[in-house]
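Novice: no FASTA, just this:
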């Protein structure tokens, strides 16, 4: 039987700077869905990549003194770049596209020409507001308090010759798509798009620029480059081989099953993208899912705002799987969520260390202590347990209750089986609804039930009389291992490496790690060999970890700063006569001491050549100890009006050179040859 095809994408990320935890959130969610679909037996194509053109990249490259291609190469392929981050986070993408790839460039040129030739792209003049960070054009009425409605930053006036896409032509079709299908999810996003963009009236979209050059050239009109969103959106098709010979699986995988995107770009994916596909006569993607933001201190994380969290630091400190789990477990996928290091640590300690970690550790330890690590034959699932599990999965039964004598311990067995056997069906419903947080919640209900089962059955008490209770004890441990196995299978899309370790510890063979086996109670061999291995998720000391994270974040921030920064030169010109009014003189330091009650000020007694000592105060104690300056020849401006500092009079100013090193101010007093006499004028 042919496998069911499933095509899923992340947005392609804009490499104007290193990616942060918000980008990681989206990519991990997409990866978890792709792994889940592979687990169920689907033929999966998972695409991610980078969107590398646009004015912002051109400006950033100019500031860095490199070409735009060199700039994006550093961020995408350089150390701790995009590819390195996805490798670190164990992202299982099948394909990675860069919009600077030759095959994509050539395909976009063909696409632009086709839409032009069919009359949907025409030349005009753009005049309006432009947000450079968002690469978005806005009308005056769309601005919020005069600023970009997406990011809240300043916009600039823009006027230039441009090509336009007839977006207005497709307004009714797009409205119908949004309102009458499940194309856009969650449903709340539909209301936002219709109310904010469709109802006010869709205006034709500017799709070329002439004010910069870093983009795909319009090959039939030199001087124009393709606007970034046309370039970017068609990546989902060119990466499959549409209008290029790089790949040949467009017909196999398109249309996409899901585009996972952040809510800030839902407009482009749910309005502009389908309209362009309609223009091209191409099938539409089945679904666009607009997930929420990770908020930091109540605000959206943003590279340009500098309020970002580095996933490298978190992964190094807590482990990749723990970080992946936290992102999917904690935040409802369609809503915003408040990120904090404290919440991360709390989630790891509660769910992974206490619940899952303790379950695995206690069960494998007891199997080793009481049975030497190998359970005896005959301890596996009973016929009653198997029939209950089969009935649940065959009928999708809900609300099944376990009866029986309150004194019969087997009721605990059946209750655990009931919950574990029904888990795959419930989990599947949540995953198919793009609710990974709910799917994980259901798994942990079973894990918590299994931990309760340990307390209910008290294996340590049974072990006191192995002759009478040995068979019962073995069955209890088998049930615990089996529940752990089922949970491990369903956790594997989220924590793939950790679940491989878990399966090794509980002795689950390959055939007992499959999607099908998750619905069959008793798939674990009876005589399974169990190994108490390393603690999968050690408990974290909150205070210590927070302090270490803060130190690591500060160190990373400092390391990212330029080695040397100097203030830009002033553009305002000073005429020669004005400059000559400043009297620069060589001065000799006769004495120097710290000013009492001041951490910054040094008091200098200076020989300025007049025969009368001059007193100058200078805030340089952070860089110099007073005794080291005695006898030095310095430069001072001596015709400044006196001023009081800490109750002391300062007559002039010593000349220093200042710059910044790795974010720290550095200062050097200007010292000259001691052969220069006191009072010598500098000119």
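Specialist: Ah, there it is. Only a predicted model underlies this, so the values are computations on that prediction, with no experimental measurement involved.

Novice: Run through who's touching stretch 198-209.
Specialist: Under the criterion Cβ atoms under 8 Å, 6 or more residues apart in numbering, residues 55, 112, 121, 126, 137, 139, 141-142, 160, 162-168, 170-171, 174-175, 178, 215, 218, 221, 224-227, 229-230, 271-272 lie in contact with stretch 198-209. To be clear about C-beta, it is placed using only N, CA and C from the backbone, and glycine gets the same treatment.

Novice: before we move on, what about stretch 58-73?
Specialist: Contacts of stretch 58-73 (Cβ under 8 Å, 6+ apart): 15-17, 50, 52, 57, 74, 98, 100, 132, 212-214.

Novice: Just those residues: which are in strands?
Specialist: Among the contacts of stretch 58-73, DSSP state E puts 50, 98 in strands.

Novice: Any quick ChimeraX command for the buried ones out of the contacts of stretch 58-73?
Specialist: Buried subset of the contacts of stretch 58-73, written as a ChimeraX selection, criterion 16 or more other Cβ atoms under 10 Å:
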select :15,16,50,52,57,74,98,100,132,212,214
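
Novice: Sitting in helices, which of the contacts of stretch 58-73 do you find?
Specialist: Using DSSP state H, 57, 74 are the members of those that sit in helices.

Novice: Redo the contacts of stretch 58-73 as TSV? Include distance to residue 186 and pLDDT.
Specialist: Listed next are the contacts of stretch 58-73 as TSV, based on distance: Cβ to Cβ, whole Å; pLDDT from 0 to 100:
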residue	distance to residue 186	pLDDT
15	28	92
16	29	90
17	29	89
50	27	97
52	30	95
57	32	92
74	37	95
98	30	98
100	33	97
132	30	71
212	36	89
213	40	91
214	35	93
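
Novice: quick one on the thing from earlier: quick check on the contacts of stretch 198-209: which are buried?
Specialist: So, by 16+ other Cβ under 10 Å, the buried ones in the contacts of stretch 198-209 are 55, 112, 121, 126, 137, 142, 162-167, 170-171, 174-175, 178, 215, 218, 224-227, 229-230, 271-272.

Novice: ok, now which ones touch residue 529?
Specialist: Contacts of residue 529 by Cβ under 8 Å, 6+ apart are 373, 374, 507.

Novice: Going by distance to residue 249, which of the residues you listed wins?
Specialist: Of all these, residue 507 has the smallest distance to residue 249: 39.0 Å, by Cβ to Cβ.

Novice: give me the number of residues near the closest one?
Specialist: Look at residue 507: counted by other Cβ atoms under 10 Å, it has 21 neighbours.

Novice: same question, residue 87
Specialist: Neighbour tally, residue 87, other Cβ under 10 Å: 10.

Novice: cool, the one 4 residues further on as well?
Specialist: Residue crowding around residue 91 was assessed by other Cβ under 10 Å; the count is 21.

Novice: in what helix or strand does the residue nearest to it when sequence neighbours are not counted lie?
Specialist: The shortest distance from residue 91 to any non-neighbouring residue, by Cβ to Cβ, 6 or more residues apart in numbering, is to residue 31 (4.9 Å). If you go by DSSP states H and E, residue 31 is part of helix 21-39.

Novice: by contact count, what packs against that helix?
Specialist: strand 5-13, strand 43-50, strand 258-262, strand 288-291, strand 294-296, helix 311-318, helix 320-330, helix 436-457 (3 or more Cβ pairs under 8 Å, 6 or more residues apart in numbering; DSSP states H and E).

Novice: mind redoing it with 6 Å?
Specialist: Packed against helix 21-39 by the contact rule (3 or more Cβ pairs under 6 Å, 6 or more residues apart in numbering; DSSP states H and E) you find strand 5-13, strand 43-50, strand 258-262, helix 320-330.

Novice: Now tabulate these in CSV and tack on distance to residue 247.
Specialist: Shown next, in CSV, are these (distance: least, Cβ to Cβ, whole Å):
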stretch, distance to residue 247
strand 5-13, 13
strand 43-50, 10
strand 258-262, 18
helix 320-330, 28
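
Novice: for the chain, which helix is longest?
Specialist: Ranked by number of residues, the top helix in the chain under DSSP H is helix 466-491.

Novice: The following helix or strand past that one: which residues count as buried?
Specialist: Remark: after helix 466-491, the chain's next helix or strand is helix 496-506, criterion DSSP H and E. For helix 496-506, the buried set under the neighbour-count rule, 16+ other Cβ under 10 Å, comprises 496, 498, 499, 501, 502, 503, 505, 506.

Novice: Nearest to residue 194 among those?
Specialist: Using Cβ to Cβ, those come closest to residue 194 at residue 496, 39.2 Å.

Novice: ok, for that closest one, nearest residue in space, not its chain neighbours?
Specialist: Leaving aside its sequence neighbours, residue 496 sits nearest to residue 90 (Cβ to Cβ, 6+ apart; 6.1 Å).

Novice: For residue 171, give its distance to residue 54.
Specialist: For residue 171, the distance to residue 54 equals 26 Å [Cβ to Cβ, to the nearest Å].

Novice: what angle separates the helix holding residue 31 from helix 496-506?
Specialist: Between helix 21-39 and helix 496-506, the angle comes out at 50 degrees (axes from the mean of the first three to the mean of the last three Cα atoms, to 10 degrees).

Novice: now helix 21-39: mean pLDDT?
Specialist: Throughout helix 21-39, pLDDT has a mean value of 96.

Novice: relative to helix 466-491, how tilted is it?
Specialist: Going by the same axes, to 10 degrees, helix 21-39 makes 110 degrees with helix 466-491.

Novice: and the direction of helix 21-39 versus that of helix 311-318, what angle?
Specialist: In terms of direction (the same axes, to 10 degrees), helix 21-39 departs from helix 311-318 by 70 degrees.

Novice: Now do helix 21-39: distance to the chain's middle.
Specialist: 11 Å (Cα atoms, centre = their mean, to the nearest Å).

Novice: if we can go back for a sec, same list, the buried residues of helix 496-506, but as JSON lines with pLDDT and distance to residue 199 please.
Specialist: JSON lines is the format used below for the buried residues of helix 496-506 (pLDDT from 0 to 100; distance: Cβ to Cβ, whole Å):
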{"residue": "496", "pLDDT": "98", "distance to residue 199": "44"}
{"residue": "498", "pLDDT": "97", "distance to residue 199": "48"}
{"residue": "499", "pLDDT": "97", "distance to residue 199": "47"}
{"residue": "501", "pLDDT": "97", "distance to residue 199": "53"}
{"residue": "502", "pLDDT": "97", "distance to residue 199": "51"}
{"residue": "503", "pLDDT": "97", "distance to residue 199": "53"}
{"residue": "505", "pLDDT": "97", "distance to residue 199": "57"}
{"residue": "506", "pLDDT": "96", "distance to residue 199": "56"}
